[in-house]
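In: Just to be clear, the model below is a prediction. Sequence and coordinates:
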Amino acid sequence: MVPGQDWRRLSADELERGYNARATVPDVDALLRDYRAQSTPMYALPCVRDIAYGPHPDERLDLFPVPGRRDAPLFVFVHGGYWRALAKEDSVFMARCFTERGIAVASLNYTLSPQAPLAEIVAQCRRGLGWLHAHGAAHGIDTSHIVLAGSSAGGHLAAAMLSPAALAAHGIAPGVVRGAVLVSGLFDLAPVQRTRPNDWLQLDEAGARALSPQHDLPAPGTRLCVAVAETDTGEFKRQSRDYAQACATHGCPTQSLEVAGRNHFDIILDWMDPDSALSQATWPLFAR
């Protein structure tokens with residue numbers, strides 16, 4: 001896609017290719033299996049599993065506190081999977097790297113599409129954050145020092161959790177969520193509504209707009225890292241570029257990062273390496 005080109009000028013085939021992340025890698029299933037393979041050993045660390053944060057059986061989270069700390073900042077990760085795949089158990093591969101640096105980790109589960117409409121999935125993730133803010137102190141968390149993160153569809157959900165109105169609705173004061181790392185996210189659902197993911201999302205134009213973080217930006221002062229992988233499609237890169245620009249204009253200190261040598265799926269595994277470009281962009285968000 002030509003930089004600055006409006007997605008509405010793309011042909012139907014070009015638009016489909018722009019939102020087909022799977023086609024950018026030779027074996028997506030192997031990459032998804034790797035999430036679970038890298039996450040499973042993390043459960044040998046001190047953790048609390050399957051905490052209910054809401055009434056639905058899918059509303060569960062796993063929490064990795066920092067042993068010996070009562071004031072650890074919190075990293076909240078929301079998994080991707082185009083809103084219809086993966087789970088919290090695939091999403092804690094960074095737990096050792098972060099807890100060794102004194103940062104607690106939470107991984108949110110949510111009901112997958114199409115079993116739940118996207119509006120409910122967003123509401124579930126917001127409830128999860130609300131639970132962590134209300135109850136995290138009992139697990140040694142500084143509930144005034146939270147950083148959100150998500151990848152792909154999880155990037156959309158994490159950005160939706162930054163909504164000032166949604167935070168206020170859960171009693172979360174301005175400044176509690178210090179920032180977010182949004183990786184290869186989807187922030188404007190208008191083009192998504194015209195591509196294959198809408199087979200399971202079933203959004204109309206009004207619904208796509210209402211659930212687009214591009215139209216509900218974080219509070220000014222929220223620090224952001226908006227990252228993409230080198231081999232992400234032009235549309236994924238454009239989405240991140242447009243969102244980052246809008247947030248910066250809105251008063252959010254925003255870093256844009258393109259990670260060389262990484263694809264849409266393996267980029268987040270770089271959080272297992274404290275010296276990776278993604279990790280190095282994340283650590284400053286926890287500065288007090």
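Out: On my side now, so go ahead.

In: Check what contacts stretch 56-71 and list those residues.
Out: With Cβ atoms under 8 Å, 6 or more residues apart in numbering as the test, stretch 56-71 has contacts from 42, 45-53, 72, 88-89, 92, 95, 98-99, 102-112, 116, 124, 127-128, 131-132, 136, 139-142. For every residue, glycine as well, the C-beta is placed using N, CA and C.

In: Now do that stretch, average pLDDT.
Out: Mean per-residue pLDDT for stretch 56-71: 97.

In: same thing with stretch 89-100?
Out: 98.

In: Inside helices: which ones of the contacts of stretch 56-71?
Out: Of those, the ones assigned to helices by DSSP state H are 95, 98, 99, 124, 127, 128, 131, 132.

In: Would you map the helices across the stretch 151-288 of the chain?
Out: Listed in chain order, the helices of the stretch 151-288 of the chain (DSSP state H, counting those that start in this stretch) span 153-161, 164-169, 198-201, 205-210, 234-250, 277-282.

In: Show me what the fifth one packs onto, helices and strands only.
Out: Right, helix 234-250. helix 12-18, strand 223-229, strand 254-259 (3 or more Cβ pairs under 8 Å, 6 or more residues apart in numbering; DSSP states H and E).

In: Just the buried residues of that helix, please?
Out: For helix 234-250, burial by neighbour count (16 or more other Cβ atoms under 10 Å) applies to 234-244, 246-247.

In: about what we covered before: which one of the helices and strands packed on helix 234-250 is the most hemmed in?
Out: Stretch with highest mean neighbour count among the helices and strands packed on helix 234-250: strand 223-229 (a mean of 25; mean count of other Cβ atoms under 10 Å).

In: Nearest the geometric middle of the protein, what residue?
Out: residue 150 (1.3 Å; Cα atoms, centre = their mean).

In: Give me the distance between it and residue 129.
Out: Going from residue 150 to residue 129 by Cβ to Cβ, to the nearest Å gives 11 Å.

In: Could you do residue 185 as well?
Out: Relative to residue 129, residue 185 is positioned 17 Å away (Cβ to Cβ).

In: Any regions of the protein where pLDDT drops low?
Out: Counting by pLDDT under 70, the low-confidence segments of the chain come to 1-5.

In: could you point out the longest strand in it?
Out: With DSSP state E setting the assignment, residue counts place strand 141-151 as the longest strand in the chain.

In: ok, that one: who's next to it in the sheet?
Out: With DSSP bridges as the test, strand 141-151 is paired with strand 72-78 (parallel), strand 177-183 (parallel).

In: Go through these and name the closest to residue 170.
Out: With Cβ to Cβ as the measure, strand 177-183 is the member of the strands paired with strand 141-151 nearest residue 170 (10.6 Å).

In: burial of residue 97, as a residue count?
Out: By other Cβ atoms under 10 Å, 19 other residues sit near residue 97.

In: In contact with it: list those residues for me.
Out: Residues in contact with residue 97, defined by Cβ under 8 Å, 6+ apart, are 271, 272, 273, 274, 279.

In: Which single one of the residues you listed is nearest to residue 155?
Out: Using Cβ to Cβ, those come closest to residue 155 at residue 271, 13.8 Å.

In: Chain neighbours aside, what residue packs nearest to residue 243?
Out: Spatially, and ignoring its direct neighbours in sequence, residue 243 is nearest to residue 187 (3.9 Å; Cβ to Cβ, 6 or more residues apart in numbering).

In: Hmm, residue 244 and that neighbour touching each other?
Out: No. Counting by Cβ atoms under 8 Å, residue 187 does not reach residue 244; the two are 9.1 Å apart.
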